[in-house]
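# prediction below, plus the sequence it came from.
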Amino acid sequence: MQKTWSIVYTKSAVKDLQSLPKNIAKNVLSKIVRCSEDPAVYSEPLKYTLKGYRKIKLASYRIVIELVLKDNELIVIAVKHRKEIYEELK
């Protein structure tokens, strides 16, 4: 039986979503829901200083998430353009 992951948004992720154009924000939200079905398939692990986080790609945007295994939570950390996101998280 497959786990169900609950989605939790950080305050900064909510601000990021609100700053995006509506059509992109809608696509981001549907991509996050899809990822919550099976994060191992729909996201990739990050490396180096961001080890422990995962990323979801959507065109030129990146969604950084963290998985809390004991609570089955998928925490959305940030949603930004790929040129900006990794510098802000370091």
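Structure's in. What do you need? Just so we're clear, the structure is a prediction, and the values are computed from it rather than from any experiment.

# run the chain-centre distance for the lowest-mean-pLDDT helix or strand in the chain.
One helix or strand of the chain scores below all others by mean pLDDT, DSSP states H and E: helix 82-89, with a mean of 85. Chain-centre distance of helix 82-89: 13 Å, with Cα atoms, centre = their mean, to the nearest Å.

# mind listing what's buried along that helix?
Residues of helix 82-89 classed as buried by neighbour count (16 or more other Cβ atoms under 10 Å): Ile85, Tyr86, Leu89. Quick note: C-beta positions are derived from backbone N, CA and C, even for glycine.

# cool, stretch 56-71 as well?
Neighbour-count burial for stretch 56-71 flags Ile56, Leu58, Tyr61, Arg62, Ile63, Val64, Ile65, Glu66, Leu67 (criterion: 16+ other Cβ under 10 Å).

# tell me which two in the residues you listed are the farthest apart.
Farthest-apart pair in the buried residues of stretch 56-71 is Tyr61 and Leu67; separation 19.6 Å (Cβ to Cβ).

# pull out the buried positions in the longest helix belonging to the chain.
As assigned by DSSP state H, the longest helix anywhere in the chain is helix 22-37. If you call a residue buried by 16+ other Cβ under 10 Å, then helix 22-37 has these buried ones: Ile24, Ala25, Val28, Leu29, Lys31, Ile32, Cys35, Ser36.

# between these, which is nearest Ser6?
Closest approach between these and Ser6, by Cβ to Cβ: Ser36, at 7.7 Å.
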